[in-house]
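In: below are the sequence and a predicted model; questions follow.
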Amino acid sequence: MAEVSLDAAAKKTLLRKIPHGVFICGVAEGDEVNGFTASWVTQGSFEPPLVVMAVRADSTSNGVIQRTGRFSLNVLAADQKDLAAVFFKPQKALGGRFDAAPFQLGALGLPILDDALGAVECQLVGQVAAGDHTVFVGEVKSAVLHRDGAALELGPTGWQYGG
Ligand SMILES: Cc1cc2nc3c(=O)[nH]c(=O)nc-3n(C[C@H](O)[C@H](O)[C@H](O)COP(=O)(O)O)c2cc1C
């Protein structure tokens with residue numbers, strides 16, 4: 001392919017226009033659970049139902065997903081920005097973020113937040129590790145709906161994750 005020069009500013013402006021939600025991804029390994037805020041999430045197939053999520057290569061949860069082959073995605077309500085903030089901040093010990101958020105383990109043994117609108121649990125079916133994030137593809141195996149409502153979206157939070 002011919003060499004092209006990337007306009008870094010244009011790239012950043014344009015990629016930040018991709019709309020995102022704000023989710024809490026849950027992972028579990030042995031007796032340990034962990035969770036983190038994830039916005040790089042989208043659906044990838046109707047049948048089977050697939051979701052796609054990019055996870056920082058150097059994060060704790062990335063390794064857990066690699067080793068266990070599963071993750072949950074909790075869908076937050078539009079007024080749960082504070083809860084999302086808990087899940088991207090450093091924690092004293094693995095799983096400590098859940099001190100602020102009661103949860104149950106779902107059918108696949110993954111954390112499902114009591115206060116979220118609901119959650120899906122996914123089995124890992126593929127991945128691409130080509131950059132500073134790993135793109136995971138998960139098949140939705142279980143879904144729990146606590147209540148319906150408007151979901152938290154990234155734009156109104158004023159946070160940036162992208163570009
Ligand atoms: C608004 C926002 C969106 C984020 N989205 C993602 C994401 O999609 N994927 C990701 O790996 N990290 C994302 N993060 C960063 C993680 O939440 C953060 O790195 C977390 O500390 C990782 O936790 P862990 O190391 O315990 O797994 C986001 C952070 C913020 C503030």
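Out: Arrived safely. Numbering: from 1, shown residues only.

In: how many neighbours does the closest residue to residue 67 other than its chain neighbours have?
Out: Ranked by Cβ to Cβ, 6 or more residues apart in numbering and with sequence neighbours excluded, the top spatial neighbour of residue 67 is residue 29, at 6.3 Å. To be clear about C-beta, it is placed using only N, CA and C from the backbone, and glycine gets the same treatment. By other Cβ atoms under 10 Å, 16 other residues sit near residue 29.

In: show me what contacts the spatially most central residue of the chain?
Out: Centroid-nearest residue in the chain, with Cα atoms, centre = their mean: residue 38, separated by 3.4 Å. If a contact means Cβ atoms under 8 Å, 6 or more residues apart in numbering, then residue 38 has 22, 23, 24, 25, 53, 55, 73 as its contacts.

In: my read: residue 149 touches residue 76, true?
Out: No - counting by Cβ atoms under 8 Å, residue 149 stays clear of residue 76, with 9.9 Å between them.

In: compare these two (neighbour count), which wins?
Out: residue 76 (26 against 12).

In: ok, the nearest residue to that one once chain neighbours are set aside - how many residues close by?
Out: With sequence-adjacent residues excluded and distances taken as Cβ to Cβ, 6+ apart, residue 76 is closest to residue 152, at 4.1 Å. For residue 152, the tally of surrounding residues (other Cβ under 10 Å) stands at 23.

In: residue 105 now?
Out: Neighbours of residue 105 using other Cβ under 10 Å come to 14.

In: that one reaches residue 113, doesn't it?
Out: No - taking contacts as Cβ under 8 Å, residue 105 lies outside contact range of residue 113: 11.4 Å.
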